[in-house]
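Undergrad: what follows is a predicted structure for the sequence shown.
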Amino acid sequence: MAQPPPRLALFPKRGLGPLFILLLVVLLLAQPVAAADGQTGDPDYTCSATKPCALGCCGKNGVCGMGPDYCSAANCINSCNAKSECDPANWGPQYAANTKCPLNVSPTPPAALPLNHRLTSTQVCCSKFGFCGTTPEFCGTTQIANPSCPGGKSAIRRTIGYYEGWGVGRACDAMLPEQVPASAYTHLNFAFAMIDPVSFAVAPMSDGDVPLYSRLTGLKALYPNLKVSLGVSWQISLIPFLTLSRSGSRSAGGP
């Protein structure tokens, strides 16, 4: 009786066979890699008269780009209406959507902004290709500082925390008002109260919240500069608030 041909052993008795390891490496190397722009593999910037550009205008050289070298009637063969994010070389509004990078243009004149809302430096650079960014590909040797407000300490002026009234009832990690690390905060909000739908008065979400109010404000005895306030839930109070607002309009002479 003829014996069947021997089968290739991918899994020998001891360890993985070299053929299996080689196959695994090939499969891993063959996997597509997702690019930063969401495409699979390397971004495809090639184009033709029948293959439009995903971004940019298709030039006569079969490459996608921005500006008159790619988007003008004399040079473009497809996707000719694309505009760059910014204008690096006076291309004009025909080729660039903005003169400057949008993040560098304030909708309000700087002099009209509060002092702590005025940026002290340029935020992004316009590359020679008409795109905005902060890396050397966009800025060259120009160093872009992180945005900051005058004085440089605005981020640490206020530290606001929310104390959840329902937190005392957790099965684990329950936190009593006295356990709040109040020294880490400048402001504490008690979360949450609501607007009573009948009386329209500010009311506790739960009867158990009431004794917690004084316990939370009691932290001011140890930290006199601590600000404690009561937060009102907009989700629960929205309908009563709208009702109250409309009622107020009618009483003021509305229809």
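TA: Thanks, I have the structure now.

Undergrad: show the contacting residues for the closest residue to Asn78 other than its chain neighbours.
TA: Excluding the flanking residues, the one nearest Asn78 by CB to CB, 6 or more residues apart in numbering is Cys58, at 3.8 Å. C-beta coordinates here come from the backbone N, C-alpha and C atoms, glycine included. Each residue near Cys58 by CB atoms under 8 Å, 6 or more residues apart in numbering is listed here: Cys47, Ser48, Ala49, Lys51, Pro52, Cys64, Tyr70, Cys76, Ile77, Asn78, Ser79, Cys80.

Undergrad: Cys58 belongs to a strand?
TA: Yes: judged by DSSP: H, G, I helix; E, B strand; the rest coil, Cys58 forms part of a strand.

Undergrad: measure it to Ser79 for me?
TA: 5 Å (CB to CB, to the nearest Å).

Undergrad: what is in contact with the two at once?
TA: Contacts common to Cys58 and Ser79, judged by CB under 8 Å, 6+ apart, are Cys47, Pro52, Cys64.

Undergrad: helices and strands around whatever helix or strand the last one lives in, which ones?
TA: Element membership for Cys64, per DSSP states H and E: strand 64-65. With contacts defined as 3 or more CB pairs under 8 Å, 6 or more residues apart in numbering; DSSP states H and E, the packing partners of strand 64-65 are strand 57-59.

Undergrad: what lines up beside the strand it packs on in the sheet?
TA: The pairing partners recorded for strand 57-59 under DSSP bridges are strand 64-65 (antiparallel), strand 76-78 (antiparallel).

Undergrad: to Cys139, which of those strands lies closest?
TA: strand 64-65 (19.7 Å; CB to CB).

Undergrad: please work out which residues outside the closest one touch it.
TA: Under CB under 8 Å, 6+ apart, the answer for strand 64-65 is 45-47, 53-59, 70-71, 79, 129.
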